[in-house]
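Colleague: Sequence and computational prediction follow.
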Amino acid sequence: MIEPDAIVQKIQTALPDARVDVQDLTGTMDHYRACVISEAFEGKRLIARHRMVYAALEDEMKGPIHALTLEVFTPQEWDNQP
Amino acid sequence: MSNDKKISLPLANPEASATPPATRAEGGDIQSEIAREVQDHSILLYMKGVPQQPMCGFSARAVAILASYGKPFHAVDILQDPEKRQGIKEFSNWPTIPQVYIGGEFLGGSDILMQMHENGELGEIIGEL
């Protein structure tokens, strides 16, 4: 189990400019969805972006976080979403 | 001690002609077995459970997406093999299950699979197999 803001903090430590929204999907504090918006994703394929977020949460992914669904955008992609 | 030098023609891709990675049964280790599976199957899904009975929502979603393309895929139930469950995370440097390989390339987990399914990229990749 882990607090949502602990996840936000860890991601922002790795991606200082990131806007991060974390949702507890099941109320059990171990199934999360995270939406991350950062310039650092610019020009990077989906899998590279996911790896960046997983790298920021390396320890948490080994236990406290059971499942993490990721949505990753650059600010431009986020702005021109339908 | 004569060491007869065999003249071997430089092969375009020496690895390709090398013997395929060995499975554990053949004396290899878990990493070589995974490398073998990735090489042997054009669509490969490491999941929890089996396609007919997935044991986790994310795995079930991956099965449904892959099945929608009507091409056979090879599913491996990592719940039956704890060593492989850990091994694939190291092999792909990816912490979660399910994990999808297409054409020997690691694609990602179920949310990447879903996004690529929705944006048509997955259809293209599978079409090229």
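Modeller: Sure, I can see it.
Colleague: What residues does the closest residue to residue A:57 other than its chain neighbours make contact with?
Modeller: What sits nearest to residue A:57 in space, not counting adjacent residues and going by CB to CB, 6 or more residues apart in numbering or on different chains, is residue A:10, at 5.5 Å. Glycine gets a C-beta too; all of them are placed from N, C-alpha and C. Contacts for residue A:10 (CB atoms under 8 Å, 6 or more residues apart in numbering or on different chains) come out as A:56, A:57, A:60.
Colleague: which one of the residues you listed is nearest chain B?
Modeller: Of all the contacts of residue A:10, residue A:57 has the smallest distance to chain B: 8.2 Å, by CB to the nearest CB.
Colleague: okay, now that closest one: neighbour count?
Modeller: Using other CB atoms under 10 Å in any protein chain shown, residue A:57 has 22 other residues around it.
Colleague: Chain B against chain A: which residues are in contact?
Modeller: By CB under 8 Å from any CB of the partner chain, the residues of chain B that approach chain A are B:58, B:93-96, B:106-109, B:111-112, B:115-116.
Colleague: Narrow those residues to those in strands?
Modeller: Judged by DSSP state E, strands contain the following of the residues of chain B next to chain A: B:106, B:107, B:108.
Colleague: Mind pulling up the pLDDT for the second one?
Modeller: What the model reports for residue B:107 is a pLDDT of 95.
Colleague: my guess is it meets residue B:100, correct?
Modeller: Yes: the pair residue B:107 and residue B:100 passes the contact test of CB atoms under 8 Å, sitting 4.4 Å apart.
Colleague: where's the closest residue to chain A within chain B relative to residue A:68, distance?
Modeller: Here the residue of chain B nearest chain A is residue B:95; by CB to the nearest CB that distance is 3.9 Å. Going from residue B:95 to residue A:68 by CB to CB, to the nearest Å gives 8 Å.
Colleague: Quickly list what's touching both of these two.
Modeller: Counting by CB under 8 Å, 6+ apart, the shared contacts of residue B:95 and residue A:68 are A:54, A:61.
Colleague: In terms of neighbours, single out the busier of those two.
Modeller: residue A:68 (23 against 19).
Colleague: tally of neighbours for the closest residue to the more buried one other than its chain neighbours?
Modeller: Excluding its sequence neighbours, the residue lying closest to residue A:68 (CB to CB, 6+ apart) is residue A:32, at 5.2 Å. By the criterion of other CB under 10 Å, residue A:32 has 23 neighbours.
Colleague: can you give me the end-to-end distance of stretch B:47-61?
Modeller: End-to-end distance of stretch B:47-61: 10 Å, with CA to CA, to the nearest Å as the criterion.
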